[in-house]
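Engineer: got a structure for you, letters missing:
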DNA sequence: TAGTTATATGGAATCGATTCCACAAACAAA
DNA sequence: TTTGTTTGTGGAATCGATTCCATATAACTA
């Protein structure tokens, strides 16, 4: 490994001067500058970011904590983040909790030990130890998708989005609307989207049978099974179903088709998330486009504001969603 | 920021001793050890990885260069990589070239400046400057998806996979098989998959009309347009089409359906990549499952071997693929 | 011409860890 | 008792950069 010391020797100057050339600051004569640059080019010298950041306290690295790699949501988020950060010369250090809550705290410490300039946290479940750990960190910090008080957030209006879909169904004449959700520990996807559904139904006094409201997990099979439960156990068969993710909706569609029913004539279906799948299943799926990429952009902006000491008062940014009407309703 | 020096003072020992406790090596009396650990716990001290790696020359960070974030291929690859690396205490530093070739060299240098312990490169086009830059790096290195001589590779047999699909079509009685590829600069997806198609056709002397062989880019629309070209311009209409990616295949399917033709009765379709889409489009798409996740696992293993100075002779590892027969053929 | 100021460079401290080496005490073997 | 070994601890150098401060000219200004 070639170091600044060697460059200094070869160019017969001090390390100080080489550093000045490198960072283009302080006084350096044209002559010396040329000489140093020549040696740098000849040797292929690349300064150690590591040594640099030990001194400057800046790493130009952003830590990102994801609940799962390899989901459309995560990869779109990362795309948005990278778009902003790369432009500003930041790299992304990726960590993946695989939905194990203890890993979140472990990775927060790890990122701190690596002196990242900021952290983006995407999580599904928030608990007290996590919130405490975060507040102790003293590192620029933004969460996405979930609200944590006193911390910068980028969010959707999950409640209203869910309500909008139910209202759309109601407008189209559906009255017996079932619901496939996830565990309410996940406040955004589990709790708020369910609340939106319940309130929309309540507002015009549509009755809900108990078995219409199912709880699944984040995959296609779970949507299939939930739909089966709904169809099999309900006295009044529903004429529509809202699922809180596209995958669940697609599972539900599979069951409906297998049961020899038609979509949307017998049962209409809506999902949420605007996954790529939703465009290409048949019938194409009505869904909500949450634009995770934009969340990434916004979150990156918020974090950069904190890093650069601007706008630290702003805490919450809501990203608009878009209802995509297709043929499943 | 609390440092080792402060811990040393508070525990009335030297920094050396604190370091010994931290790394659990050298002689330390039980008494002193307890005292130091107590102070560490009280203060919430987290050692600086940065300072550590300046001295030890190990960062426990792996650089990953992707051609595009937010594709199923990339995210599955990263998932496989992370699975292995996280277990061994490595983190992933992500960079994204967005298919801009110069970015690859830029990021190679950047990763070197950050002293990553190893690099995984996923690229689509290989050129000479890139190969030269890599060989100068002297960092453990593995490429995936594309073969570069003298460098460790994890690959698929793209040629044979393509041939298998064509042979399957032939076995099922299709004779007029069209092809939608991509630019041959991409040796694996563009060149080899096309060669597999051409050779399979040649081996049993099936003629190919010029306009049956189209070149698209990596998206759905491009598959749609290519298929239109094929159908509109061919004298003998093809009864099957092989696309080198699922997206292209799905685009082709869209056109075929719009043209009022049936899949697979009028035209059979095959894709490659086993995207999630392929399962859920209708009819479901026959495709090749390349298992990018396994590529990630293998690539991570190979890289760790290099980092730990094992098995440096092994260069190429081929990952098996699996033909998934569905209803589109 | 003396006194400032701008320009140019280097010495040495610093960042926060690890690690080599020296040294002392405790213990065992001769 | 002497010698050798194990155990326990700290001083100081080191990693590769940045940066404060000192110093020396050169170039203005009064």
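Structural biologist: Looks like it came in fine. Note that the structure is predicted; figures quoted are calculated from it, not measured.
Engineer: From now on I want contacts and neighbour counts done on CA atoms only, so please keep to that.
Structural biologist: Will do.
Engineer: Mind jotting down where the helices sit in the stretch 101-250 of chain A?
Structural biologist: For the stretch 101-250 of chain A, the helices defined by DSSP state H, counting those that start in this stretch occupy A:101-113, A:128-137, A:158-171, A:193-203, A:220-233, A:246-258.
Engineer: closest to DNA strand C out of those helices?
Structural biologist: Nearest to DNA strand C, of all those, is helix A:101-113, at 7.7 Å by CA to the nearest atom of the strand.
Engineer: Mind listing residues that contact the closest one?
Structural biologist: Helix A:101-113 has contacts (CA atoms under 8 Å, 6 or more residues apart in numbering or on different chains) with A:63, A:65, A:95, A:97, A:119, A:125, A:130, A:133-134, A:137, A:139, B:46-50.
Engineer: Give me the buried subset of those residues.
Structural biologist: Using 16 or more other CA atoms under 10 Å in any protein chain shown as the burial test, the contacts of helix A:101-113 include A:63, A:65, A:95, A:97, A:119, A:125, A:134, A:139, B:46-50 as buried.
Engineer: near DNA strand C, from the residues you listed?
Structural biologist: Restricting these to those touching DNA strand C (CA under 7 Å from any atom of the strand) yields B:46-49.
Engineer: Residue A:180 is in contact with residue A:191, correct?
Structural biologist: No. In this structure, residue A:191 is not within contact of residue A:180 by CA atoms under 8 Å, at 11.8 Å.
Engineer: Can you pick out the residue with more neighbours from those two?
Structural biologist: residue A:180 (26 against 17; other CA atoms under 10 Å in any protein chain shown).
Engineer: Would you mind measuring from the more buried one to DNA strand C?
Structural biologist: 49 Å (CA to the nearest atom of the strand, to the nearest Å).
Engineer: That residue: what's it in contact with?
Structural biologist: Residue A:180 sits in contact with A:212-216, A:223, A:226-227, A:241-244, A:248, where contact means CA under 8 Å, 6+ apart.
Engineer: Kindly report the residues of chain A close to DNA strand D.
Structural biologist: With CA under 7 Å from any atom of the strand as the criterion, chain A meets DNA strand D at residues A:1-5, A:15-20, A:22-23, A:46-49, A:51-52, A:54-56.
Engineer: Up against DNA strand C, what does chain A have?
Structural biologist: When proximity is defined as CA under 7 Å from any atom of the strand, chain A approaches DNA strand C at A:12-17, A:26-33, A:51, A:54-55.
Engineer: What would I type in PyMOL if I wanted to highlight the buried members of these and nothing else?
Structural biologist: Applying 16+ other CA under 10 Å to the residues of chain A next to DNA strand C leaves a buried subset, and the PyMOL line that selects it is:
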select buried, chain A and resi 15+17+32+33+51+54
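Engineer: which ones among the residues of chain A next to DNA strand C are found in helices?
Structural biologist: Mapping those onto helices (DSSP state H) picks out A:15-17, A:30-33, A:51, A:54-55.
Engineer: Please produce JSON lines containing those, extended by distance to residue B:167.
Structural biologist: Converted to JSON lines, those look like this (distance: CA to CA, whole Å):
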{"residue": "A:15", "distance to residue B:167": "66"}
{"residue": "A:16", "distance to residue B:167": "67"}
{"residue": "A:17", "distance to residue B:167": "67"}
{"residue": "A:30", "distance to residue B:167": "68"}
{"residue": "A:31", "distance to residue B:167": "68"}
{"residue": "A:32", "distance to residue B:167": "67"}
{"residue": "A:33", "distance to residue B:167": "64"}
{"residue": "A:51", "distance to residue B:167": "57"}
{"residue": "A:54", "distance to residue B:167": "59"}
{"residue": "A:55", "distance to residue B:167": "62"}
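Engineer: And the residue nearest the centre of chain A?
Structural biologist: By CA atoms, centre = their mean, chain A has its centre lying nearest to residue A:77, at 4.6 Å.
Engineer: Would you mind listing the residues in contact with that one?
Structural biologist: By CA under 8 Å, 6+ apart, the residues touching residue A:77 are A:292-296.
Engineer: coming back round to it: could you identify the most distant pair in the buried ones among the contacts of helix A:101-113?
Structural biologist: A:125 and B:50 (30.6 Å; CA to CA).
Engineer: Tell me which of the ones next to DNA strand C among the buried ones among the contacts of helix A:101-113 fall in helices.
Structural biologist: Among those, the ones falling in helices (DSSP H) are residue B:49.
Engineer: If we only consider the ones next to DNA strand C among the buried ones among the contacts of helix A:101-113, which is nearest to residue B:83?
Structural biologist: Of all those, residue B:49 has the smallest distance to residue B:83: 21.6 Å, by CA to CA.
Engineer: Can you verify my assumption that the closest one contacts residue A:114?
Structural biologist: Yes. Judged on CA under 8 Å, residue B:49 makes contact with residue A:114 at a distance of 5.2 Å.
Engineer: returning to what we had before: can you confirm the residue nearest to the centre of chain A is in a helix?
Structural biologist: Yes. The assignment for residue A:77 is a helix, going by DSSP: H, G, I helix; E, B strand; the rest coil.
Engineer: what's the distance between it and DNA strand C?
Structural biologist: 32 Å.
Engineer: For residue A:131, the count of nearby residues, please.
Structural biologist: Neighbours of residue A:131 under the rule other CA under 10 Å: 15.
Engineer: if we can go back for a sec, residue A:290 versus the residue nearest to the centre of chain A, what's the distance?
Structural biologist: Distance, residue A:77 to residue A:290, using CA to CA, to the nearest Å: 11 Å.
Engineer: check contacts around residue A:215.
Structural biologist: Counting by CA under 8 Å, 6+ apart, residue A:215 has contacts A:180-183, A:226.
Engineer: The same query, at a cut-off of 6 Å, please.
Structural biologist: If you count contacts by CA atoms under 6 Å, 6 or more residues apart in numbering or on different chains, residue A:215 has them with A:180-182.
Engineer: quick one: pLDDT of the residue of the stretch 151-300 of chain A found nearest DNA strand C?
Structural biologist: Residue nearest to DNA strand C within the stretch 151-300 of chain A (CA to the nearest atom of the strand): residue A:151, separated by 25.5 Å. Note on residue A:151: pLDDT of 91.
Engineer: try residue A:135
Structural biologist: On pLDDT, residue A:135 comes in at 89.
Engineer: how about residue A:93, secondary structure?
Structural biologist: At residue A:93 the chain is in strand, as set by three-state DSSP.
Engineer: pretty sure residue A:242 contacts residue A:268?
Structural biologist: No. Using CA atoms under 6 Å, residue A:242 is not in contact with residue A:268, being 8.5 Å away.
Engineer: Looking at the two, which one has more neighbours?
Structural biologist: A side-by-side neighbour count of residue A:242 and residue A:268, using other CA under 10 Å, places residue A:242 first with 29 against 24.
Engineer: Would you map the strands across the stretch 201-329 of chain A?
Structural biologist: With strands called from DSSP state E, counting those that start in this stretch, the stretch 201-329 of chain A shows them at A:213-216, A:240-243, A:268-270, A:287-289, A:316-318, A:322-324.
Engineer: Mind putting those into TSV with distance to residue B:205 and mean pLDDT?
Structural biologist: Listed next are the strands of the stretch 201-329 of chain A as TSV, based on distance: least, CA to CA, whole Å; pLDDT from 0 to 100:
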stretch	distance to residue B:205	mean pLDDT
strand A:213-216	53	98
strand A:240-243	52	98
strand A:268-270	49	98
strand A:287-289	48	98
strand A:316-318	61	93
strand A:322-324	49	98
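Engineer: Just name the most buried of those strands.
Structural biologist: Mean neighbour count, computed with mean count of other CA atoms under 10 Å in any protein chain shown, is highest for strand A:268-270 among those, reaching a mean of 30.
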